[in-house]
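Sharing a model that was predicted from the sequence below.
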Amino acid sequence: MKCLILAAGYATRLYPLTENFPKPLLKVGEKTILDWLIDDIDGAGLVDEYIVISNHKFAGHFEAWAKEHSLPITVVDDGTSTNETRLGAVCDMQFALDKLGIDDDLLVIAGDNVLDFSLTEFIRYAKEKDTSCTMRYWEEDVKRLRKSGISEIGEGDVLLSLEEKPETPKSNWCTPPFYFYKKEDARKIKDAIADGCGTDAPGSLVAWMCTHSVLHSMEMPGSRYDIGNLESYEAVKKNYRGITR
């Protein structure tokens, strides 16, 4: 299994902190955001390569970071240099698959979130279901729902649909940017793009995939901390205590 880390964004809402430095390498406590994620994932012993998808502007930062690790980490430069010319998460995924010739199960994660529970639980869930999978959490705030990917869930955790940033949310289930794609579904990403799937938000691929495959959704056993702006970053630095569940 390969782990694709989506890290090609420009984090403009965190300027000036991220104007010349990638958000996933910001420190939270004693570790970078990325280190919190991969140190946890590697505990499952199921990932044989970590692939960080970067833009051209920040690729050197990630390459320097990767050299500090003994883990098998590959940095892929998508060639973009500005927020306006970014490829979008879904096109970045396909770019990495093509460049590296990958044909494997994929754990796809955003490189700018931290969790207080282990992602190894999600990996085990996906392996037990033997399908592509997402996670979900319950959100009461309508304003937050309108800024999220909203899932409809059927019997047995089956993922019926996902809609990115809906004006009228169909449920209270939010879908964070952590996904597992079976190899057979990863092969369909190119078809999704050709079919007009949205390419900016990673959840748009899930929305398309729901109509072309069977997916399940695991309820998150803990909390996700999204670092979206300077205020939220300061709050995470103050309150995050690592994996506690």
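Good, I have the coordinates.

ranges for the strands of this structure?
Counting by DSSP state E, the chain has these strands, from start to end: 2-7, 27-28, 31-32, 49-54, 73-77, 106-110, 113-115, 132-138, 149-153, 159-164, 173-174, 178-181, 215-219, 224-226.

Determine which of those approaches Leu14 most closely.
Using Cβ to Cβ as the measure, strand 224-226 is the one of the strands of the chain that comes nearest Leu14, at 11.9 Å. C-beta here means a position set from N, CA and C on the backbone, and glycine is covered the same way.

what helices or strands is the helix ranked longest in the chain leaning on?
Longest helix in the chain, counting residues (DSSP state H): helix 89-100. Judged by 3 or more Cβ pairs under 8 Å, 6 or more residues apart in numbering; DSSP states H and E, helix 89-100 is in contact with strand 2-7, strand 49-54, strand 73-77, helix 189-194, helix 203-209.

Go again with 6 Å.
Helices and strands touching helix 89-100, by 3 or more Cβ pairs under 6 Å, 6 or more residues apart in numbering; DSSP states H and E, are strand 49-54, helix 189-194.

one step back: turn the strands of the chain into a markdown table, including distance to Glu84 and mean pLDDT.
Putting the strands of the chain into a markdown table (distance: least, Cβ to Cβ, whole Å; pLDDT from 0 to 100) gives the following:
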| stretch | distance to Glu84 | mean pLDDT |
| --- | --- | --- |
| strand 2-7 | 18 | 97 |
| strand 27-28 | 28 | 95 |
| strand 31-32 | 27 | 95 |
| strand 49-54 | 17 | 98 |
| strand 73-77 | 18 | 98 |
| strand 106-110 | 20 | 97 |
| strand 113-115 | 24 | 92 |
| strand 132-138 | 29 | 97 |
| strand 149-153 | 23 | 95 |
| strand 159-164 | 20 | 95 |
| strand 173-174 | 28 | 96 |
| strand 178-181 | 26 | 97 |
| strand 215-219 | 32 | 98 |
| strand 224-226 | 23 | 88 |
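
Quick check: which helices or strands does the lowest-mean-pLDDT helix or strand in the chain pack against?
The weakest-scoring helix or strand in the chain, judged by mean pLDDT, DSSP states H and E, is strand 224-226 (a mean of 88). If you count contacts as 3+ Cβ pairs under 6 Å, 6+ apart, strand 224-226 packs onto strand 113-115.

Please name the strands paired to the strand it packs on in the sheet, noting orientation.
Strand pairing for strand 113-115, using DSSP bridges, gives strand 224-226 (antiparallel).

what's near enough to touch Met218?
Phe122, Tyr125, Met135 (Cβ atoms under 6 Å, 6 or more residues apart in numbering).

Could you check how far the last one is from Tyr10?
Right, the one you point to is Met135. As judged by Cβ to Cβ, to the nearest Å, Met135 and Tyr10 stand 25 Å apart.

Between the two, which has more neighbouring residues?
Met135 (26 against 20; other Cβ atoms under 10 Å).
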